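Engineer: I need the structure of the sequence given here:
(one chain, ligands or ions: 1)
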Amino acid sequence: MTALIGLQDCDTSIMAIQTKKEEGPAKIHGLKEGLNVMEKRLEAEINQLEEYKRDRRKSEQDIEDVESRIEKSNEKLSNIKSNKEYQAALKEIDGLKVEKSLLEDKVIEIMEEIEILEEKNVGAKAESEKLKEEFEKDRDEILKELKDLGQDLENLEKERARFSQTIDKDLLKRYDHLRKYKGGVAISPVVKGICQACHLGIPPQKFNDLIRGDELMDCPNCMRIIYWSEDEGLQNVIQKC
Ligand SMILES: [Zn+2]
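Structural biologist: Reported below is the predicted structural model:
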């Protein structure tokens, strides 16, 4: 029975480690996703900034064009003879000046947007860098933990093998079968007449037999192999668990 308890203890620990080992890569994946979201946001902001800068350059180019048109119109003015033509040219120049003024307003607006976005960008960049550093630190920690878990697992497998060697082959088969179909728990202590795996009571006569400890018994409800939790002979092993 002591070997069985030891074996179950090993298997329970192995299961816990395997679960943890599976969680590691998922955790890393989750962290990476968070970082990706942040980096995408930053990229979008940078693209937006570039777009504003392109807009500004375009508007500045437009201003230059309007200016040269105004200049040309002014040159034409001196050659105009008729009053009507002169008035029309003046009107054209006024129109161009309004156009230029609107473009200048637009450039100022764009520059304000650029300023806001650049400031935001500095913050987002710093945040992104920080997040990246944190991610790398967390990832390395998880990877180290996984490595340690791998070592623990190896040790447990060795211990498990040692226990297995001392257990009768048929009993070991029964144990493995139970473990497979009973959620990884093949044996269970009985405390005050209650099976600790299924939490149901053992009939009094059966419980008395269990306390006597003459034979290996199983729980009439969940069929797991049971042992009396207060058995002094098993106490050392149980405390180890
Ligand atoms: Zn039970």
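Engineer: secondary structure element for Ala161?
Structural biologist: helix 83-165 (DSSP states H and E).
Engineer: that helix: how far from the chain's middle?
Structural biologist: Computed by CA atoms, centre = their mean, to the nearest Å, the chain-centroid distance of helix 83-165 equals 19 Å.
Engineer: closest to the centroid, which residue in the protein?
Structural biologist: Geometric centre of the chain, nearest residue: Gly30, 1.3 Å, by CA atoms, centre = their mean.
Engineer: how far away is it from Asn36?
Structural biologist: Noted for Gly30: a distance of 11 Å to Asn36, by CB to CB, to the nearest Å. Heads up, the C-betas are built off the backbone N, CA and C, glycines and all.
Engineer: also Lys147?
Structural biologist: 25 Å.
Engineer: could you say what helices and strands the helix holding Ala161 packs with?
Structural biologist: helix 2-77 (3 or more CB pairs under 8 Å, 6 or more residues apart in numbering; DSSP states H and E).
Engineer: quick one: the helix it packs on to helix 83-165, angle?
Structural biologist: 170 degrees (axes from the mean of the first three to the mean of the last three CA atoms, to 10 degrees).
Engineer: show me which residues of this structure sit near the ion.
Structural biologist: If contact is defined as CB under 5 Å from the ion, the residues of the chain in contact with the ion are 195, 197-198, 219, 221-222.
Engineer: if we use 8 Å, what do you get?
Structural biologist: Within the chain, the positions adjacent to the ion are 188, 195-200, 202, 219-224, 226 by CB under 8 Å from the ion.
Engineer: taking those one by one, which sit in strands?
Structural biologist: Among the residues of the chain next to the ion, the members falling in strands (DSSP state E) are 188, 195, 226.
Engineer: pick the one among these closest to the ion.
Structural biologist: Of all those, the ion sits closest to Cys195, with 3.1 Å by CB to the ion.
Engineer: which one is that closest one nearest to, not counting chain neighbours?
Structural biologist: Leaving aside its chain neighbours, Cys195 sits nearest to Cys219 (4.4 Å; criterion: CB to CB, 6 or more residues apart in numbering).
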